[in-house]
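> Make a model of this:
(one chain, ligands or ions: 2)
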Amino acid sequence: MIKIAPSILSADFANLERDIKKVSSADYLHIDVMDGAFVPNITVGVPVVKSIRKCTDMFLDVHLMVEKPVRYVETFARAGADLLSVHLEADHPTRIAEALKIMGDCGVKKAVALRPITKAEAVLPYIEELDMVLVMTVEPGFGGQAFMEDQLDTIRKVRSIIEKYNPACELEVDGGVAPDTAPLVIEAGANVLVAGSAVYGAADIPGAIAALRT
Ligand code: DX5
Ligand code: ZN
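Numbers count the residues shown, from 1 in each chain. Ligands and ions are numbered 1, 2, ... in the order given. Next comes the predicted model:
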């Protein structure tokens, strides 16, 4: 089954509760945390995740675009995240492994995220313990960018690694997913589609979510 994860980066932050309710027919709620160092943009942090947790029962998929995420995973887990993604480029491998261990101890689902430059094989040291791999199809930092078609190859390679070592692991794709690119990422092996502008920019939001699933 294909799951849709609307990104609140394209929502109106002054009306976040209203905009979260608009996507209640989706599967996950994707929250982009950016620190202004790992990526050039700054978005939201722990207090916002805590407030969102109080106003929705949706599965909170928190994408940490921050340097040295091991410093923050416990706090985000306690704030109510259901899943945390840490970028493989954001710290030394031993500290990524440590971040994953802390997530396990906190009972939160574990994901690693790959910038477009990172090879699919980079997930190999962690694959057996992961709940999800997130493949970026834009440079992380901003919503509304063009889908990078080159990344279809990475999606295919990650899918074959998942099938070999951990078939229950989900494969999420993030960046430029829209009605024209969704079939391509699904065909390449993705099962969770993040969409910011394609969902919040649509006149009929439930219709846009349903259209992306097919
Ligand atoms: C970008 C973020 C994405 C972003 C996607 O760094 O990780 O989640 O919100 O936005 P769209 O779907 O508009 O490309
Ligand atoms: Zn994201």
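> how far does stretch 168-183 stretch from start to finish?
21 Å (C-alpha to C-alpha, to the nearest Å).
> Report the buried residues of that stretch.
Using 16 or more other C-beta atoms under 10 Å as the test for burial, stretch 168-183 gives Cys169, Glu170, Leu171, Glu172, Val173, Asp174, Gly175, Gly176, Val177, Ala178, Thr181, Ala182. Where you see a C-beta, it was placed from the backbone N, CA and C, and this is true even at glycine.
> and if you look at stretch 118-131?
Buried, per 16+ other C-beta under 10 Å, within stretch 118-131: Thr118, Ala120, Ala122, Val123, Tyr126, Ile127, Leu130, Asp131.
> and the residue located most distally from the centre of the chain, what pLDDT?
Ranked by distance from the centre of the chain (C-alpha atoms, centre = their mean), the top residue is Ala203, with 23.8 Å. For Ala203, the model assigns a pLDDT of 98.
> what residues does the protein put near ligand 1?
Listed as neighbours of ligand 1 in the chain under the rule C-beta under 6 Å from any ligand atom: 7, 9-10, 30, 32, 63, 138, 140-145, 174-177, 194-198.
> and the nearest residue to Ala168 once chain neighbours are set aside, what pLDDT?
Leaving out its chain neighbours, the residue that sits closest to Ala168 by C-beta to C-beta, 6 or more residues apart in numbering is Asp131, at 8.0 Å. pLDDT, Asp131: 98.
> now Thr214
For Thr214, the predicted pLDDT is 81.
> Residue numbering should commence at 3 henceforth.
All right, first residue 3 from here; so that's Thr216.
> and it, how many neighbours?
When counting by other C-beta atoms under 10 Å, one arrives at 9 neighbours for Thr216.
> give me every residue that touches it.
Ile4 (C-beta atoms under 8 Å, 6 or more residues apart in numbering).
> roughly how far apart are it and Leu195?
11 Å (C-beta to C-beta, to the nearest Å).
> Quickly list what's touching both of those two.
Counting by C-beta under 8 Å, 6+ apart, the residues touching both Thr216 and Leu195 are Ile4.
> Sort out for me which of the residues of the chain next to ligand 1 are in helices.
Ser199, Ala200 (DSSP state H).
> re the thing from before, grab the two from the buried residues of stretch 170-185 that are most spread out in space.
Across these, no pair lies farther apart than Cys171 and Ala180, at 24.9 Å, counting by C-beta to C-beta.
> dump the residue contacts of the residue most central in space within the chain.
By C-alpha atoms, centre = their mean, the chain has its centre lying nearest to His65, at 4.8 Å. His65 makes contact with His32, Ile33, Asp34, Val35, Ser87, Ala115, Leu136, Asp176, Val196, according to C-beta under 8 Å, 6+ apart.
> Report pLDDT for it.
pLDDT, His65: 99.
> Just grab the bridge partners of it for me.
Asp34, Ser87 (DSSP bridges).
> Quick check: it vs Asp182, distance?
23 Å.
> Secondary structure element holding Ile164?
In this assignment (DSSP states H and E), Ile164 forms part of helix 153-167.
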